[in-house]
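S.K.: from the sequence below, what's the structure:
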Amino acid sequence: MDVVSSIWFEEVMARKHVNLGTAPAKSDLPQKLCAACGLPFAWRKKWARDWDQVRFCSDRCRAKGASEERR
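M.R.: Residues are numbered from 1 along each chain as shown. Purely as a prediction, here's the structure:
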């Protein structure tokens, strides 16, 4: 690496939330319908382990529970 590239690399890597084009577009992620409110929500990295069991889009909807027509 030359000096300019190494300085740029260090600056970029010093920032926490740097997306260098590697993350997929949100529209390309899998989606589900919330069991409580019925709105669509997209896959999140924190749900990677148990995406099959995720039913609600938020803690608020999970606390409200599944509506009768969505059970």
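S.K.: surely Trp47 is in contact with Phe56?
M.R.: No - applying CB atoms under 8 Å as the test, Trp47 and Phe56 come out as separate, 10.7 Å apart. Heads up, the C-betas are built off the backbone N, CA and C, glycines and all.
S.K.: so where is this structure shaky, pLDDT-wise?
M.R.: 1-21, 68-71 (pLDDT under 70).
S.K.: just to revisit the earlier point, higher neighbour count, Trp47 and Phe56?
M.R.: Shown here are Trp47 and Phe56; by other CB atoms under 10 Å, Phe56 has more neighbours (18 against 15).
S.K.: what's near enough to touch the more buried one?
M.R.: Each residue near Phe56 by CB atoms under 8 Å, 6 or more residues apart in numbering is listed here: Cys34, Ala35, Ala36, Arg62, Ala66.
S.K.: and the buried ones among those, selectable in PyMOL?
M.R.: Buried residues within the contacts of Phe56, by 16 or more other CB atoms under 10 Å, are selected in PyMOL with:
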select buried, resi 34+35+36
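S.K.: which one of the contacts of Phe56 is nearest Trp43?
M.R.: Nearest to Trp43 among these, counting by CB to CB, is Cys34 at 13.3 Å.
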